[in-house]
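>>> whatever this is, show me its structure:
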Amino acid sequence: MIRLAITMGDPAGIGPEIIIKAFQGEEAGFACLPTVIGSCDILRKTAEALNLPVQIRTVDAGGAYHFTSGVISVIEPEFEYDLRGIFAGAPQKECGSAAKSCIDLAVRSIQEGQLDALCTAPISKEAMKAAGFGFPGHTEYLADLSGTDDFAMLLCGGGLRVALATIHTALSNVPGLLSVEGILAKLRLLHKFIPLFGAEKPRLGVCGVNPHAGEGGMFGNEEAEKITPAITKARMEGIDASGPFPADTIFYRMLKGDFDAILAMYHDQGLGPLKTVGFRDGVNITMGLPFIRTSVDHGTGFDIAGKGIADPASLIAAIKLAVFLGENQLKRK
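Down below sits the predicted model:
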């Protein structure tokens, strides 16, 4: 069975709450060996404050801890700061540092062969920055820790699978960041990764970046100068990529069954449609890493942290997908 690391995320956000809720129901049915990387004290206090019955036990990395409803096995990192003074609902540098420690230990445990795959609860970019974190987010940091140069976000939910050519950047930067080689690299990643879902010869649809995919150059030249040449090169390599298609119709076409995945050109172009049809159970995946990594497709929820109303659906979906992809990855090795 897959030995799955689940990082706690930001201690002041909803990460601890949704982890506890995810481990409470037999209906979750995690067919894996799950271990939470985080603070036992934070998890216990969260459970007590929200009246959520759960047993929390400290364990060692590398052990085999089967999923049991109401029981959470936790590996604690060495935290830089004392977390007893933190409070729910706001970014704090102590929490950013703690979240980083959890990520570091999880990746190190995978690299040392003690764990197999990773599922992450949400972090606060503001808190991480306050703690001296120099990366835009989880995705870029995990790539750096694992020495990965070619990587991409893949979002799944509501029947859609959407990868992003550019990630966390201002919209004004997108045209300059797009390149033939960059788009081609993302198509190669999709072509290699999507078979883990069962589509052995994935059909990839590619978005244009401009309205109507440029309308023959009337609304921009990125399609002709960057996107179409990348698609042409991909097809020469045996990758079944087509487009560029207008972003206002391509997602509907995937829901009809025309594609196995879509490559969007920027963050909101891809995440807007996906969160519309898969808001509760969306999952974020990082392609290109040497291990499977999934994550919730939402933020820290500071506005609802500590109120007991956070929905664990996305985390449950992320855990189950990490197990599914991890098992398929192992079968192919």
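>>> any idea which residue sits dead centre in this structure?
residue 284 (2.9 Å; Cα atoms, centre = their mean).
>>> packing partners for the helix or strand harbouring it?
In the assignment (DSSP states H and E), residue 284 maps to strand 283-287. Judged by 3 or more Cβ pairs under 8 Å, 6 or more residues apart in numbering; DSSP states H and E, strand 283-287 is in contact with helix 138-145, strand 152-157, helix 180-193, strand 293-296, helix 313-332. For every residue, glycine as well, the C-beta is placed using N, CA and C.
>>> how many neighbours does residue 49 have?
14 (other Cβ atoms under 10 Å).
>>> excluding chain neighbours, what is closest to it?
Once flanking residues are discounted, residue 49 sits nearest to residue 306: 6.7 Å by Cβ to Cβ, 6 or more residues apart in numbering.
>>> quick one, what contacts the one you found?
17, 46, 49, 50, 88, 89 (Cβ atoms under 8 Å, 6 or more residues apart in numbering).
>>> inside helices: which ones of those?
Taking DSSP state H as the definition of helices, these contribute 17, 46, 49.
>>> could the residues you listed go into JSON lines alongside distance to residue 300?
Converted to JSON lines, these look like this (distance: Cβ to Cβ, whole Å):
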{"residue": "17", "distance to residue 300": "11"}
{"residue": "46", "distance to residue 300": "14"}
{"residue": "49", "distance to residue 300": "17"}
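>>> out of those, who's nearest residue 225?
Closest approach between the ones in helices among the contacts of residue 306 and residue 225, by Cβ to Cβ: residue 17, at 47.4 Å.
>>> distance of the residue lying closest to that closest one once chain neighbours are set aside relative to residue 23?
Closest residue in space to residue 17, ignoring its immediate chain neighbours: residue 310 at 4.7 Å, by Cβ to Cβ, 6+ apart. As judged by Cβ to Cβ, to the nearest Å, residue 310 and residue 23 stand 14 Å apart.
>>> go on, residue 47?
Distance, residue 47 to residue 23, using Cβ to Cβ: 10 Å.
>>> quick one: which of the contacts of residue 306 has the most company?
The member of those that has the most neighbours, counting by other Cβ under 10 Å, is residue 17 with 28 neighbours.
>>> isn't that residue right up against residue 50?
Yes: the pair residue 17 / residue 50 is scored as a contact, 6.4 Å apart, by Cβ atoms under 8 Å.
>>> shared neighbours, those two?
Contact criterion Cβ under 8 Å, 6+ apart; residues shared by residue 17 and residue 50: 306, 308.
>>> follow-up on the earlier one: which residue of residue 47 and residue 23 possesses the greater neighbour count?
residue 23 (28 against 21).
>>> got the domain boundaries for the protein?
1-148+289-333, 149-288 (automatic domain parsing).
>>> I'd like these as JSON lines, with mean pLDDT appended.
JSON lines is the format used below for those (pLDDT from 0 to 100):
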{"stretch": "domain 1-148+289-333", "mean pLDDT": "92"}
{"stretch": "domain 149-288", "mean pLDDT": "94"}
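>>> all helices of the stretch 1-150 of the chain, in order?
For the stretch 1-150 of the chain, the helices defined by DSSP state H, counting those that start in this stretch cover 15-22, 40-49, 93-111, 125-130, 138-145.
>>> what helices and strands are in contact with the second one?
In other words, helix 40-49. helix 15-22, strand 55-58, strand 71-75.
>>> including distance to residue 170, could the ones you listed go into CSV?
Below are the helices and strands packed on helix 40-49 laid out as CSV (distance: least, Cβ to Cβ, whole Å):
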stretch, distance to residue 170
helix 15-22, 27
strand 55-58, 41
strand 71-75, 38
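>>> just name the most buried of these.
Greatest average neighbour count among the helices and strands packed on helix 40-49 goes to helix 15-22 (a mean of 27), per mean count of other Cβ atoms under 10 Å.
>>> check contacts around the spatially most distant residue from the centre of the chain.
Distance from the centre of the chain peaks at residue 218, with 35.9 Å (Cα atoms, centre = their mean). Listed by Cβ under 8 Å, 6+ apart, the contact partners of residue 218 are residue 212.
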